[in-house]
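Peer 1: Here is a sequence with its predicted model. Questions after.
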Amino acid sequence: MARGLLYALAGAAIGAAAARVAYTALTRSRTGDDRWTRKNHRGEPITLLEGPAFVAGAGAAAALAPGLPARVRLAALLAGTGSGALGAYDDLYGTTSSKGFKGHLSALTRGEVTSGAVKILGIGATGLAAAAVVSSGPVDTLINGATIAGSANLANLFDLRPGRAIKVGLLTGGPLLLASLFRDQPVAAALAAVPLGAAAAVLPDDLGERAMLGDAGANALGALLGLAAVTKLGRPGRLAVLGSVTVLTAASEKVSFTKVIAGNPMLNKLDMLGRRPA
């Protein structure tokens, strides 16, 4: 457990430090660049540069954190930077003509290639590529790839209010990290700590409504947590995660997560924690 804790602390620290350095550098160099500015739920301007900063921080941690075998480092870089780059493409060039997983795939069947469809297919490909590096056969590769890609998409569905996607990431990744530590799985612990450290570092700016993850950061956060899950869990656990991700993604096509959270006192209290009043 001591070795896993050391690896986890190092991975989280590197991710947090690199994310803060990247965020500071990006926001200074992009001052006045409206391409990365959006309106939040209040109609106030907010920067999307938190996303690239998170991707940079998590990528640095995946590359430098101790305790990760070369194949796991490669998988983390493929999952995190790949989904982050595709998310950034959608952040910059995406349109609102089609929305949701179903909307983008429906447009694709009509011969319309939306930015969202490019992102969905691209994240599917990077998820499979990352899974192939750490999986033991074609069946596991398909299960793991679908879990990584599905987790990337699901995390983005929560990025609709300040801090929400990161809170979801911490609430799902935290138990995964703790379980890896208690079961003396240092590689899984280090891998889970990488995105958690980077996410925690940018959380204050997210809660303060100065920045948001956007597709770049949310997709990368989900993909890295999905990778951490498939690296730690056996096949039954991985199938359970994939099933949960699939059910929630399907539900998002019919149900507003924001309305569900607002209607549940406990979830709403957690959602508002650290935020400005509505």
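Peer 2: On my side now, so go ahead.

Peer 1: same for the longest helix seen in the chain, what does it pack against?
Peer 2: Across the chain, the longest stretch assigned as helix under DSSP state H is helix 2-29. Judged by 3 or more Cβ pairs under 8 Å, 6 or more residues apart in numbering; DSSP states H and E, helix 2-29 is in contact with helix 50-64, helix 164-182, helix 186-207. C-beta: built from backbone N, CA, C; applies to glycine.

Peer 1: Name the residues of it that come out as buried.
Peer 2: Along helix 2-29, these residues count as buried under the neighbour rule (16 or more other Cβ atoms under 10 Å): 4, 7-8, 10-12, 14-20, 22-23, 26-27.

Peer 1: now swap in stretch 266-274 and tell me
Peer 2: For stretch 266-274, by 16+ other Cβ under 10 Å, it's 270-272.

Peer 1: Save those as CSV, and put in distance to Asn219 and secondary structure too.
Peer 2: Shown next, in CSV, are the buried residues of stretch 266-274 (distance: Cβ to Cβ, whole Å; DSSP: H, G, I helix; E, B strand; the rest coil):
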residue, distance to Asn219, secondary structure
Leu270, 23, helix
Asp271, 21, helix
Met272, 25, helix
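
Peer 1: Please provide the alpha-carbon coordinates for stretch 227-246, formatted as CSV.
Peer 2: Coordinates of each C-alpha in stretch 227-246 appear next as CSV, following Å, rounded to 0.1, in the frame of the first residue of the first chain:
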residue,chain,number,x,y,z
LEU,A,227,-9.0,3.7,-18.6
ALA,A,228,-8.3,3.6,-14.8
ALA,A,229,-11.4,1.5,-14.3
VAL,A,230,-10.7,-1.0,-17.0
THR,A,231,-7.1,-1.4,-15.8
LYS,A,232,-8.2,-2.2,-12.2
LEU,A,233,-11.4,-4.2,-12.6
GLY,A,234,-12.0,-7.7,-13.7
ARG,A,235,-14.4,-8.5,-16.5
PRO,A,236,-17.6,-8.5,-14.4
GLY,A,237,-16.7,-5.1,-13.0
ARG,A,238,-15.9,-3.7,-16.4
LEU,A,239,-19.1,-5.0,-17.8
ALA,A,240,-21.0,-3.3,-14.9
VAL,A,241,-19.3,0.0,-15.6
LEU,A,242,-20.0,-0.2,-19.3
GLY,A,243,-23.6,-1.0,-18.6
SER,A,244,-23.9,1.9,-16.3
VAL,A,245,-22.3,4.3,-18.8
THR,A,246,-24.6,3.0,-21.5
